[in-house]
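Asker: Here is my input; please provide its structure:
(chains A, B, C and D)
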Number of protein chains: 4
Amino acid sequence: MRTVRAAVISEVERPIELREVPVPELERNSALIRVALREVCGTDVYLHQGRLEGVPYPLIPGHVSVGFLEEIRGSLKDVEGRPLSEGDPVTFLDVHRTCFQCWHCLVAKASTRCPDRKVYGITYGLDDGPSGGWAEAIYLKPKTRILRLEEQYQERFMAGGCGLPTAIHAVERAQIELNEFVLVLGSGPVGLSAVALSRMKGAGKIICIGAPNHRLKTALDAGADVILNIEEAGERERQQRVFEETLGRGADVTIEATGNPLAVVQAMRSTRDAGRVVVVGQYTDHGEISFNPHSDLNRKHLDVLGCWGSDFSHFHRAVGIMKDEKLCAPWESIPLTRFSLEQCNEALDSVATGPLVKALIDPAL
Amino acid sequence: MRTVRAAVISEVERPIELREVPVPELERNSALIRVALREVCGTDVYLHQGRLEGVPYPLIPGHVSVGFLEEIRGSLKDVEGRPLSEGDPVTFLDVHRTCFQCWHCLVAKASTRCPDRKVYGITYGLDDGPSGGWAEAIYLKPKTRILRLEEQYQERFMAGGCGLPTAIHAVERAQIELNEFVLVLGSGPVGLSAVALSRMKGAGKIICIGAPNHRLKTALDAGADVILNIEEAGERERQQRVFEETLGRGADVTIEATGNPLAVVQAMRSTRDAGRVVVVGQYTDHGEISFNPHSDLNRKHLDVLGCWGSDFSHFHRAVGIMKDEKLCAPWESIPLTRFSLEQCNEALDSVATGPLVKALIDPAL
Amino acid sequence: MRTVRAAVISEVERPIELREVPVPELERNSALIRVALREVCGTDVYLHQGRLEGVPYPLIPGHVSVGFLEEIRGSLKDVEGRPLSEGDPVTFLDVHRTCFQCWHCLVAKASTRCPDRKVYGITYGLDDGPSGGWAEAIYLKPKTRILRLEEQYQERFMAGGCGLPTAIHAVERAQIELNEFVLVLGSGPVGLSAVALSRMKGAGKIICIGAPNHRLKTALDAGADVILNIEEAGERERQQRVFEETLGRGADVTIEATGNPLAVVQAMRSTRDAGRVVVVGQYTDHGEISFNPHSDLNRKHLDVLGCWGSDFSHFHRAVGIMKDEKLCAPWESIPLTRFSLEQCNEALDSVATGPLVKALIDPAL
Amino acid sequence: MRTVRAAVISEVERPIELREVPVPELERNSALIRVALREVCGTDVYLHQGRLEGVPYPLIPGHVSVGFLEEIRGSLKDVEGRPLSEGDPVTFLDVHRTCFQCWHCLVAKASTRCPDRKVYGITYGLDDGPSGGWAEAIYLKPKTRILRLEEQYQERFMAGGCGLPTAIHAVERAQIELNEFVLVLGSGPVGLSAVALSRMKGAGKIICIGAPNHRLKTALDAGADVILNIEEAGERERQQRVFEETLGRGADVTIEATGNPLAVVQAMRSTRDAGRVVVVGQYTDHGEISFNPHSDLNRKHLDVLGCWGSDFSHFHRAVGIMKDEKLCAPWESIPLTRFSLEQCNEALDSVATGPLVKALIDPAL
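Answerer: A predicted model of the protein is given here:
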């Protein structure tokens, strides 16, 4: 039986180990993809810390990835109906098995809340074969949604990484109007893409509040007009600054992408009356927070919109943006650092502690 | 100089006194309306308790009112351009001077957050003449939006009262789809109208949670399918019941109309993933409340929508509903109790302590 | 091999013949449903006239149907995840194989325009076994979306028939606000359901223009306030009447459900400035029509919305409405006429020429 | 009495004449603005040809203009509440007296269809004093909505001219999603701004079809990816080209800005199923056109949206865009030609016959 080398989280908080993982026999209309690049993202840190539910340890982390179709059994087409062939450069939607048979998929039309949803590198484990991106290859089950992504776009696409489709979803919910004031809380992968996308949707002034300084510098490159370091300005000072920058009204739209519950309340307080707040950064449970339903929500006539995951439409737009020379520029300025599979623990550490803007696993190193 | 008899809150928490209030000389295109009926509502209680900001005591409480045009100076038209004459039965939008000159009115299109907004019976005081409904007559300044409301509809309209346009606004934001599960928290005037309107918008099962029992009985009459008394079921039990009644998913839409901050969090927890919560009951400040931004908002992909006040469109629809024999039935079942101007302290007490469903001031008694 | 008796359109315009149609061996997770009732609808007439594209004659007409699960191979669940058993009373979504793999399904989120869509009784033919409702039984392929529908609701559900989910889709697009004026053009199955649903969504005055008089009488029963017979009033007179009934403005919302291209232009001209027109009646090609893009569309700031087919959400709401005693009343007043399978040509004639409001095929007769 | 020199259309089709027009005494809270620049636009041509309704000849044409506050009586504030002073550089919303008292303004919330609307340079005539932009000064009545626009932005703002707020309205209705295919029909002022704004809203490929070549060249500068000259390609060829450029689907969004009724039908036929068509170019009546309601609208599940005029929010965004160095670039590439007041007939000719992209009247020349 064939095997591929892969980085495996065997248990929470244990060092990641390299293993040879067997490749199952390919089902009809499935494929094996040779991984070219895979980012190391906050989700991988959470997986390692055991903060996510429904994770079948041991597993191979790594969801959004790019690579080449190494082997196809049966036939595969992309969403536009064009056939895919062995050797083709591709990426794929990490969310598999959104069922389109359940009430959430079909009546609520909220497929990101489908109870049957499975995600490569998160809720598929070793029993599903090499099913995460920190590996030489990934086994793509039938009905995985695959898009062609030429080699010259792959690195740029990984600079956006899994934060990009999530940010597209958030910005879609934010409904930014031309020339509006947009506040982005957080300068991680989702926050940086949210800055770039807000610019792309015609925002006027964009304010990004985050840390550390080199990430905020990247936010400027991605399109922010004003940056503010949370390590240098307290909560009250930050809020005051937002009001100063927005004619005393607060932001028209605030996108929260921090992981810190405090930021959700700060988002409400920094947004203008009748504005919109999109909460996309509370991916894991960091506890409760207090707010005032009268002054923070009801009297402000605010829209506070939770935003979970992303669906194929967001992924499709992400690929389209990266193939468009006029749209992709902001992600070209994101500094990338490559690690080999052997350096995966080091890569994870660097993301957990924050010194790098974007770390990638390159199995060919 | 002419005077009218009026009930005046001279200071917070002091008994309301009857006074003779001078009527100013009518400006061009203004009018004097003889009051037929005026409800006693929660806002009046808050005014008496001093819980609202920007109130110019002493003032005459009473905002939504019905009556007859006693005197017109110049000419008046309704919104459809039809002339109004002395003697006509009318009601009027209590919100005056939404400016339609400011950024909130014209760019944000959120006129209920116009900083220049003035409300009869709340932010107009005695300096503006008899400017609240607990009086024999009200002076309607130029550009007050007046609609004809025939005598046979006046009592029914007051059964909806100021809670009806507010509830119309809330239900508009809730975007109820046919056959959806709707949860209404609160059985006061806004909650009861929200029940009736949810039925009118094609909701499937409607659950109303409130107190006391006679108000819940009125909720049943207004269209609720399931009622639950908060004095008889604890928070956990109530939430469990909602899930039982909604196929284990939670309500598609929850409308919070309670005045209790706890209810806002309960609303989030009782609503299905990707559902909508409208928060309309937090009209005054009752303090902070804790919630979990991960599990209550972000992971649920929830829309939480603050809803402030109402505008002319909601008032116009309210009048239309009351003139339509097919639509008005739910409000005909609301029990009314009339008080004379002299009984205004008693009327206020009865609303503050809750024994009556709807108390009205009838200056002719 | 088992066979079932079925009515077959072998060729366009040829009399329908009864045949014994073989039942294929059931695939895993498929079923055979014994038909209890199936409506005769306009689509069946079009099928017989050869007006639809992509129809694989010979075929068994009949799409929306009700019956009982006679045989199940493997296991079946409804959309809420509850198991279905042999003997259960059910109905099913006639639209099968909306792929949820293509660009239209996944990016445009417009599954009714999925190129891979197949419909029982329309685009499935005899090669797919007994695949239409004018038969003793229908073979339901895997992934057919089946909902339980108790026997007491089956007749009422067929009174709505295939026009009901279509009308639900149209009314969803119409976004009717409380107390709005709604104009429904057409008094066939879609028009009558559109009248009932507009009432259910809180419309104020509902005007239905159609023919003949007994259908208009049913429109009154379903909730219309004003009816107008096209055989008694010319185009100009009808338009004038709509303006008289709507304070001179035109309808807020017009739903076109006629099959006549002229009605589309009449819809635009009878709708108020900044109103909405939903065009759902142009299911087949009846030729071109002239309009004035300046005065009928641009200057009116009109929304003209084409509405094609229906998806599972509409079907699910249709079933929910029929199971709800408070919502289903309008369809109880629709007069039904039952025909045996042997009388299918007669039934089709009666629908093509219009004397009956609703004709049903009852294979047990 | 003071007079100002102005160009007056005394009668339809008569040469425009220069006159000395008396300035009325300023009402309280009104102003006189010295005109710096005023564009010559298609509306002026229509005014001269007598194609618009409700025009009180004789009048001074010229609606969107820039200049300096020469004299203020009383006090003026901008929409953000900041005081305006004599000497300030400004522009103003040409639409005056949208009433915010009528049903269209307050209930339909469609102020561009307010029956009471008055527009400087179109529906105000000489009786209202110097009330159009082809003059040394304009008398701004009370409640005219004025915004500060510094001198360095004035020329750039006029490059957008009155087409820019109209195009902002059209693009707002189009709801462009990230990476969508946008087709703009027309390369006049509205079309060119629609191209630039589509790029600003994150469109993917933008196709502009128009004429002549130098305008299409400007479309490329403004952000179009593909241009097509209607003088070089017939209707069928143009449609085929759109399908080739959009993966065979048609445009996601089409914005019609041509003035030619044929283009409206071409827009429907060039747009994908379930796409959106915004019709903004049919400002005057150019006759009827035939379409097929089945294949062009209903089966396509299309949104066809008329778009009339613009309101203050669009004007406010237009000013904001021009003051933002990151957003204004596309309009800097539009070639401008200045004419003196004396050359106004020549300027009008040049716009009517099309050789120039943008003609301006500069009263100081």
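
Asker: For stretch A:218-233, give me every contacting residue.
Answerer: Residues outside stretch A:218-233 that contact it (Cβ atoms under 8 Å, 6 or more residues apart in numbering or on different chains): A:184, A:187, A:191-193, A:195-196, A:198-200, A:205-213, A:216-217, A:238, A:241, A:245, A:330-331, A:333-335, A:357, D:326. (Each C-beta comes from the backbone N, C-alpha and C, glycine too.)

Asker: Narrow these to those in strands?
Answerer: A:184, A:206, A:207, A:208, A:209, A:210 (DSSP state E).

Asker: gap between the nearest residue to the last one once chain neighbours are set aside and residue A:161?
Answerer: Beyond its immediate neighbours in the sequence, the residue positioned closest to residue A:210 (Cβ to Cβ, 6 or more residues apart in numbering or on different chains) is residue A:187, lying 2.8 Å away. From residue A:187 across to residue A:161, the span is 14 Å (Cβ to Cβ, to the nearest Å).

Asker: likewise residue A:61?
Answerer: Residue A:61 sits 13 Å away from residue A:161, going by Cβ to Cβ.

Asker: For the stretch 201-350 of chain A, give the residue positioned nearest to chain D.
Answerer: Chain D sits closest to residue A:320 of the stretch 201-350 of chain A, with a gap of 3.7 Å, by Cβ to the nearest Cβ.

Asker: What about residue A:232, how many residues nearby?
Answerer: 10 (other Cβ atoms under 10 Å in any protein chain shown).

Asker: Surely it is within a strand?
Answerer: No. With DSSP: H, G, I helix; E, B strand; the rest coil as the criterion, residue A:232 is located in coil rather than a strand.

Asker: now it: how far from chain B?
Answerer: Noted for residue A:232: a distance of 24 Å to chain B, by Cβ to the nearest Cβ, to the nearest Å.

Asker: pLDDT at that residue, what is it?
Answerer: Among the per-residue scores, residue A:232 shows a pLDDT of 95.

Asker: What of residue A:363?
Answerer: Looking at residue A:363, its pLDDT is 86.

Asker: Which secondary structure element is home to the residue in the stretch 151-300 of chain A that chain B sits nearest to?
Answerer: When distances are taken as Cβ to the nearest Cβ, the stretch 151-300 of chain A reaches nearest to chain B at residue A:274, 3.3 Å away. Using DSSP states H and E, residue A:274 sits in strand A:271-279.

Asker: In terms of secondary structure, what does that strand contact?
Answerer: Secondary-structure packing of strand A:271-279 (3 or more Cβ pairs under 8 Å, 6 or more residues apart in numbering or on different chains; DSSP states H and E): helix A:163-174, strand A:251-256, helix A:261-269, strand A:303-306.

Asker: next helix or strand past that strand?
Answerer: Downstream of strand A:271-279, the first helix or strand assigned by DSSP H and E is strand A:289-291.

Asker: From what I see, residue A:274 and residue B:104 are in contact.
Answerer: Yes. At 7.1 Å, residue A:274 counts as touching residue B:104 under the criterion of Cβ atoms under 8 Å.

Asker: With neighbour numbers in mind, choose between these two.
Answerer: More neighbours surround residue B:104 than the other of residue A:274 and residue B:104, with 24 against 19 (other Cβ under 10 Å).

Asker: And the pLDDT for the more buried one?
Answerer: The model's pLDDT for residue B:104 equals 93.

Asker: ok, now the one 3 residues further on?
Answerer: pLDDT, the model's per-residue confidence, is 93 for residue B:107.

Asker: List the residues that contact it.
Answerer: Here residue B:107 is in contact with D:79, D:312, D:313, D:316, D:317 (Cβ under 8 Å, 6+ apart).

Asker: redo that, cut-off 7 Å
Answerer: Each residue near residue B:107 by Cβ atoms under 7 Å, 6 or more residues apart in numbering or on different chains is listed here: D:79, D:312, D:313, D:316.

Asker: what does chain A put close to chain D?
Answerer: Residues of chain A found near chain D, taking Cβ under 7 Å from any Cβ of the partner chain as the criterion, are A:80, A:168, A:178-179, A:197, A:200-202, A:204, A:247, A:317, A:320-321, A:324.

Asker: let's see it at 8 Å
Answerer: Residues of chain A found near chain D, taking Cβ under 8 Å from any Cβ of the partner chain as the criterion, are A:80, A:168, A:171-172, A:177-179, A:197, A:199-202, A:204-205, A:225, A:247, A:316-317, A:320-321, A:324, A:326-327.

Asker: Cool, thanks, talk later.
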